[in-house]
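In: predicted structure and sequence below. I'll ask about it afterward.
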Amino acid sequence: MLSAVLEQTINGLMAGSVYVLVALGMVLIYGVMHVLNFAHGVLLMVGAYACHFFFTRATGSYLLSILLSVVVLAVLGIALERAVFRPLQGNLRNQVIASLGLILVFENLVVALWGPNALQMQVPATASLVSVGELRFPVQHVLIIAATLLVVLLLFIFLKTSKFGTAIRATSQDRMAAMVVGIPVERIDWMTFGLGTALAALGGALIGPLFLVFPQMGDAPMVKGLAGILLGGMGSVPGAVLGGFIIGIAESVSTLFLPTDYRDSVAFSVMVLILLAWPRGIFGVQVRGED
Amino acid sequence: MRLALSLLLAVLLAVPFVAEKQPYLLHVLILCCLYAIPAVGLNLMLGYTGLVSLGHMAFAGVGAYTAAVLMVDARLGFWPALAAGVLAAGAAGAAIGAICLRFRTHFFMIVTLAFGLMLYSVMNNWDEVTRGAAGFPGIPRPAPLGSFSFGPLPNFYYLALGAAAAAFAVQWIVVRSGFGRVLVALRQDERLAQAKGVNTMLYKTAIFALGSAIAGLGGVLQVSFLRVAAPASFSLAESINAVLIVIVGGAGSLAGPALGALVFVGLPEYLRVAAEWRLVLFGVMLVLIVLFAPQGLAGLVKKARA
Amino acid sequence: MRRLAAVFLFLLVCSAGAQEKLAVGIITSLSGPMAAPGKFQMNGFRLAEEEINSAGGFSVAGKKYLVDLKVYDTRANPAEGASAMQRLATVDKVPLVLGELHSGVAAAAAPVAQDYGVPLILTIPTGPNLTEQGNRFLFRVNANNDQLTQALADFISKQGWTPLSFIAWNNDAGRGGVNGMKKLLGEPRIGYVGYFNVGEVDFSSHVSNIRAGNARAVMLLMDEEPGSLAIKQLRDAGLKTQLVGTLAMGSDRFLKRLDAQRLAGMVQYNAFPPNANVPGIRAFSERYRKKYGEEAHGFAAQSYDGLKLAAAALEKAGKIDGRALRDALAGIEYQGVIGQIRFDAKGQAHPPVYVTQWCADGKRRILYPENLKADCGAG
């Protein structure tokens, strides 16, 4: 029994890594701009399509394709911030609605351009298997966990030490005060948005080869990532990491004890229960406008 | 205003006579009514009280499945089943609302989304009762009232129109009542209302329950019209659609849900010709409306008149 | 030269343009979660349309008609299904409608078909209760879930592959399959059941639980895309359990997603074996490959048969009229690529259900039904 729980925990860590990658971008954007971007999942999907395009049509190098898709999506993110989210600043409700509209646009645009069928992305270098005791995993799986941890680490360092990172944190904590001390908050806004969508693209590019590239690939990670940032504490980066992993692990371990068709319900019940205990989430921070 | 309203009503009542040869038009108008009814419930919550629920259609599903089971398995008539469905949706709204309403803004949105997904799971997974994912077929149209049968499209249209009118009437009464004024006060400044001694939780739970009950009304009529209940009609995507209907129409305006449903149901039907691109167009339009007409269509109409 | 021939053919078709076009309604998923299988459905319809028209159409009471497909998207949404059906019946005034993938959507479209006396011929939805509603205008070409599972349960029992575990879509197709098997094999012979939502791709927790269980075989109730991922994840994790799949998994396209080594030994039910040594099947498979550049798909074959059968029924009815067509359909016997199609009193056809198996060299053999058994290369 214990070994089964352990194994499911490892599975949960893997699933959770994807949620964390989605959650990180959302939480950064939320912290700075107070925008909850429901289209974050479809941006992950667009990132995966971009990576697939560069990999199969242009470069043939996986690493380069990841890089290119991250850049393209960062630019797309910045454009969206300018065109859609900035004009709606301060109107939480309409920002959410606009992001729901963007889901329709991107998901159907991709179907219209690439067709509804899933694309395969075979990266030979990462298809081989590694063994951990009795268990075997594809290298790509390990790569995702490693990349997620690396991104988390880099993000922490970046937020704590760099000038831009400090500005992000300051703006998150108090936008007015940040403005008063001369932080160019509008520039921070679009840069953070670009960074957030770049992270989504990275997520998409990483899971593409392991799974498939298809129009709905971002939906489940977005909803679960959302649950993750909520229970971790909205606006908190460590909270997003912890939350994403908790959701992933709860889902996996639950399959040992409960009917699997209620797996989603388990994840969301965990979220609601944690929130009832800690109404602001585990690492809850006071975010302006929340109260 | 009153003149315009009675004119509109006259036109709506006359449609079946004019459109006798166009059942498709009636079909689309019925669907507009059936989408507008849950939207009225959501408008009370979202538009007037500021509660953005992302699980609204799941409550319509609670009403729909309650009525479906009662009609098909318990052989209950349509009208008592309708009443039971509305009550069940309202009760579920009160119970779940009491939990969701402990949270605010984005937290509230996501918790309602979570409950919506959980209710959806029950509809999809509880095969013995709901017939599961394949849908619950064979749901009857309402039995005739006297010699008035609801089978033919024009007659069902009057039922849908009547139900929608009732929902809008409830909305009108609530909004004009003292209760409604408290709700608007809650949206504008909850703390202030609290300081004045208003039991905000009680008011919010009441409106969540009422909104859900109205959604339940829409749900029961929908499955009776389609003659099948399927979980897909009450999914997250449908709840998001309900929000879009309210916003596009104009949240917090009395006519908003009607305008929103017209655009949401009517336009895609019209755009059906554009097949694969219609949803892209629809998404772009939504973003544009939010950007350039944040008060929705009702706001545009008001501006045009001013 | 070929271009010249094409131009000539075009002129020929134009000169035959005096023929009237008959609009035939199609409801399917062009967008939404079922868009991918919807494409196979459309491929089948398009191929049949092209064939009927290039052969000069079909004749009803001495008059030649060409088929003109009127296609509406239902996005796996019941209300859209009813709307599309309503529009086809009353605006486009088609004499019949074919298609749909989703059982819930089909259930909303079917009563509308009855209202207007326009026959609806389903070619993919498998929910058994669809044809149990006493709707005389509803027909189903494909085998429903009960029929499919009946054949498979029979086969699995004979092989002794129980307890049987599942990884299944948590939708009408997946749940229907699991419930059907539970009914036929009995709960004690059912192992772990892992459901997942359409769009989910990480099966690792199910794989772990199946490894820990005692199942003799794993049944994968899903489409080819998640199917390829599930097999990859099961095999990568070192599981050597017997695999049982759906009709989406017995194709060369599926092989291309994986490899012969991972698939070897796997069995799957199929609506039609594309390489069977039957002239009709061979010819269809070749034409399909020529048009779409890939091996034919079961959904496409079912839909192809649906439209061809409809044309035959129209000829038999002798007039363009829904009711006459209904009666013609009720009595029709049609030899399609998926086998003999004849509707029972409920409108359900009983095409053969095949079980094919992957050989080590990436070819397939037919294992079931007994009388059609054939070796590697025929499946």
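Out: Thanks, I have the structure now. Residues are numbered from 1 along each chain as shown, chains lettered A, B, ... in the order given.
In: can you check which helix is longest in chain B?
Out: With DSSP state H applied, the helix covering the greatest number of residues in chain B is identified as helix B:200-226.
In: pLDDT at the residue nearest the centre of chain C, what is it?
Out: Taking Cα atoms, centre = their mean, the centroid of chain C lies closest to residue C:299, which sits 2.8 Å from it. In the predicted model, residue C:299 carries a pLDDT score of 93.
In: could you do the one 5 residues further on as well?
Out: Residue-level confidence at residue C:304 comes out at 97, pLDDT.
In: do stretch A:12-32 and chain C meet?
Out: Yes. Stretch A:12-32 lies within reach of chain C by Cβ under 8 Å from any Cβ of the partner chain, at A:12, A:14-15, A:18. The way it works is simple: take the backbone N, C-alpha and C, and place the C-beta from them, glycine included.
In: re the thing from before, flag every buried residue along the longest helix of chain B.
Out: Burial within helix B:200-226, assessed by neighbour count using 16 or more other Cβ atoms under 10 Å in any protein chain shown, is assigned to B:200, B:203-226.
In: among those, which ones lie close to chain C?
Out: Contacts with chain C are made by B:222, B:225-226 out of the buried residues of helix B:200-226, judged by Cβ under 8 Å from any Cβ.
In: residues contacting residue A:9?
Out: For residue A:9, the residues meeting the contact criterion (Cβ atoms under 8 Å, 6 or more residues apart in numbering or on different chains) are A:249, A:252-253.
In: my guess is residue A:92 meets residue B:106, correct?
Out: Yes. Contact criterion Cβ atoms under 8 Å: residue A:92 and residue B:106 qualify, at 7.2 Å.
In: list residues touching both of those two?
Out: Taking Cβ under 8 Å, 6+ apart as the criterion, residue A:92 and residue B:106 both touch residue A:36.
In: is it correct that residue B:69 is in contact with residue B:126?
Out: No. Taking Cβ under 8 Å as the definition, residue B:69 is not a contact partner of residue B:126, at 10.4 Å.
In: tell me which of these two has more neighbours.
Out: For residue B:69 versus residue B:126, neighbours defined as other Cβ atoms under 10 Å in any protein chain shown are more numerous around residue B:69 (20 against 14).
In: so that one belongs to a strand, correct?
Out: No. Note on residue B:69: no strand contains this position according to DSSP: H, G, I helix; E, B strand; the rest coil, which reports helix.
In: for chain A, what are the nearby residues on the stretch 151-300 of chain B?
Out: Listed as neighbours of chain A in the stretch 151-300 of chain B under the rule Cβ under 8 Å from any Cβ: B:236, B:240, B:243-244, B:247, B:251, B:276-277, B:279-280, B:282-287, B:290-291, B:294.
In: contacting residues for residue C:307?
Out: Contact analysis of residue C:307 by Cβ under 8 Å, 6+ apart lists C:24, C:44-45, C:48-49, C:52, C:67, C:98.
In: about what we covered before: looking at the residues of stretch A:12-32 next to chain C, which are in helices?
Out: Going by DSSP H, the helices hold A:12, A:14-15, A:18 from these.
In: most remote residue from chain B's center?
Out: Relative to the mean C-alpha coordinate of chain B, counting by Cα atoms, centre = their mean, the farthest residue is residue B:195 (32.8 Å).
In: what about the residue nearest to residue B:158 when sequence neighbours are not counted, neighbour count?
Out: What sits nearest to residue B:158 in space, not counting adjacent residues and going by Cβ to Cβ, 6 or more residues apart in numbering or on different chains, is residue B:16, at 7.5 Å. Around residue B:16 there are 20 other residues, counting by other Cβ under 10 Å.
In: can you check residue A:159 too?
Out: 18.
In: between the ones next to chain C among the buried residues of helix B:200-226, which is closest to chain A?
Out: When these are compared for distance to chain A (Cβ to the nearest Cβ), residue B:222 wins out at 21.6 Å.
In: wait, what's in contact with the closest residue to that closest one other than its chain neighbours?
Out: The spatial neighbour of residue B:222 that comes closest, neighbours along the chain excluded (Cβ to Cβ, 6+ apart), is residue B:34 at 4.7 Å. Contacts for residue B:34 were tallied using Cβ under 8 Å, 6+ apart; they are B:160, B:218, B:221-222, B:225, C:79.
In: the helix or strand containing residue B:34 to helix B:200-226, inter-axis angle?
Out: Under the criterion DSSP states H and E, the helix or strand holding residue B:34 is helix B:23-42. Following axes from the mean of the first three to the mean of the last three Cα atoms, to 10 degrees, one obtains 170 degrees for the angle between helix B:23-42 and helix B:200-226.
In: any idea how far chain A is from the residue nearest to residue B:158?
Out: As for residue B:16, its distance to chain A is 33 Å (criterion: Cβ to the nearest Cβ, to the nearest Å).
In: what do you get for residue C:348?
Out: Here the distance between residue C:348 and chain A works out to 27 Å (Cβ to the nearest Cβ).
In: is that residue in a bridge, and if so with what?
Out: residue C:140 (DSSP bridges).
In: test my guess that it contacts residue C:142.
Out: No. Contact status for residue C:348 versus residue C:142: not in contact, 9.3 Å apart, counting by Cβ under 8 Å.
In: okay, those two: which has more neighbours?
Out: Ranked by neighbour count (other Cβ under 10 Å), residue C:348 and residue C:142 place residue C:142 first, with 26 against 22.
In: helix or strand for the closest residue to the more buried one other than its chain neighbours, which one?
Out: Setting aside the residues directly before and after it, residue C:142 is nearest to residue C:302 in space (Cβ to Cβ, 6+ apart), at 4.6 Å. Residue C:302 is part of helix C:298-317 when elements are defined by DSSP H and E.
In: again, but for residue B:95
Out: Using DSSP H and E, residue B:95 maps to helix B:78-100.
In: what's the burial count for residue A:50?
Out: As a burial measure, the neighbour count of residue A:50 was computed by other Cβ under 10 Å and equals 24.
In: which other helices and strands contact the helix or strand containing it?
Out: Assigning secondary structure by DSSP H and E places residue A:50 in helix A:40-53. Identification of packing neighbours for helix A:40-53 by 3 or more Cβ pairs under 8 Å, 6 or more residues apart in numbering or on different chains; DSSP states H and E yields helix A:2-33, helix A:62-80, helix A:92-114, helix A:185-210, helix A:219-232.
In: just confirm residue C:296 is within a helix.
Out: No. With three-state DSSP as the criterion, residue C:296 is coil rather than part of a helix.
In: chain B contacts on chain C?
Out: Within chain C, the positions near chain B by Cβ under 8 Å from any Cβ are C:30-31, C:71-73, C:76-79, C:82-84, C:86-87, C:90-91, C:102-105, C:107-108, C:110-111, C:127-130, C:133, C:170-172, C:174-176, C:179.
In: ChimeraX command for the buried members of the residues you listed?
Out: Provided next is the ChimeraX selection string for whichever of the residues of chain C next to chain B are buried by 16+ other Cβ under 10 Å:
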select /C:30,31,71,72,73,76,77,78,79,82,83,84,86,87,90,102,103,104,105,107,108,110,111,127,128,129,130,133,170,171,172,174,175,176,179
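In: returning to what we had before: just checking: what are the partner strands of the next helix or strand after the longest helix of chain B?
Out: Tracing the chain C-terminally past helix B:200-226 and defining elements by DSSP H and E, one meets strand B:228-229 next. According to DSSP bridges, strand B:228-229 forms sheet pairs with strand B:136-137 (antiparallel).
In: ok now the strand it pairs with, how far from the chain's centre?
Out: Distance of strand B:136-137 from its chain centroid, counting by Cα atoms, centre = their mean, to the nearest Å, is 21 Å.
In: give the burial count for residue B:196, as a bare number.
Out: By the criterion of other Cβ under 10 Å, residue B:196 has 11 neighbours.
In: check residue B:190 too.
Out: One way to gauge burial is a neighbour count; for residue B:190, by other Cβ under 10 Å, it gives 18.
In: dump the residue contacts of it.
Out: Counting by Cβ under 8 Å, 6+ apart, residue B:190 touches residue B:200.
In: again, but for the one 3 residues further on
Out: Residue B:193 makes contact with B:182, B:185-186, B:200, according to Cβ under 8 Å, 6+ apart.
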